[in-house]
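> Provided below for reference: sequence and predicted model.
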Amino acid sequence: MGWSQTSETNDLRIVQDSIVVLNKDPLRPSKAAFYSAILPGLGQAYNKDYWKVPLVYVAIGTSTYYYIHSNNQYHRYRDAYKRRLAGFNDDEFQGNKYLDNQRLLDAQKGFQRNRDLSMLITVGFYILNIVEANVAAHLKQFNVSENLSLDTDWYRDDLNNGNHLGLTLKYQF
């Protein structure tokens, strides 16, 4: 029986008769999910998937930007519509002959719908960030050795004059 420690992942490897057994850290996936819940992208950094961190921030940042933009536009059109209903004629859209009260109301509803959709997308990306960190941490502990292989096979059946697709899973001891 031999003991070794790798510098890459700091996992303890027990080598016995050419079978490699990894000691798994059962808390690693929950730590990654917890870190991503506290600060998006931190779980990906914990998993050493640094290339995913910018993707997380672009996804959440873009949807947050559209939420803020739609919210600001919603308030502009809502305030102008409310001022017109109160009898004032001094809103910022007053000189535009195409923006009557109905169009102000339609624009307000459109920006409200876009704002709400942007919020749902932002929350969805946040949850996806947490789930991805958890799944990636689980998969990092999955042992894939050279003894395990999956192969596809395409062969022609001369009896039926047809093609067949096969899938072979091999494990060598």
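Yep, that arrived.
> find the centremost residue of the protein, please.
Leu128 (3.9 Å; C-alpha atoms, centre = their mean).
> how about the nearest residue to that residue, chain neighbours excluded?
Ala59 (7.9 Å; C-beta to C-beta, 6 or more residues apart in numbering). The C-beta positions use only the backbone N, C-alpha and C, and glycine is treated the same way.
> so that neighbour touches Phe125, yeah?
Yes: assessed by C-beta atoms under 8 Å, Ala59 is found in contact with Phe125 at 4.4 Å.
> mind listing what's buried in the lengthiest helix in the chain?
Scanning the chain for the helix with the most residues, using DSSP state H, yields helix 101-140. Within helix 101-140, the residues scored as buried using 16 or more other C-beta atoms under 10 Å are 104, 107-108, 111-112, 114-115, 118-119, 121-122, 125-126, 129-130, 132-134, 136-137, 140.
> for this protein, give me the ranges with low pLDDT.
Scanning the chain for pLDDT under 70 picks out 1-23, 143-148, 150, 169, 171-173.
> what about the strands in it?
2-5, 12-16, 19-22, 148-157, 162-171 (DSSP state E).
> partner residues bridging Asp153?
Gly166 (DSSP bridges).
> surely it and Asn163 touch.
No: between Asp153 and Asn163 there is no contact under C-beta under 8 Å: 11.2 Å.
> quick one: contacts for the closest residue to Tyr67 other than its chain neighbours?
Nearest non-adjacent residue to Tyr67, counting by C-beta to C-beta, 6+ apart: Ser118, 3.8 Å away. For Ser118, the contact set (C-beta atoms under 8 Å, 6 or more residues apart in numbering) comprises 63-64, 66-67, 70.
> what about Ser118, distance to Ser63?
Between Ser118 and Ser63 the distance, using C-beta to C-beta, to the nearest Å, works out to 5 Å.
> that'll do, ta.
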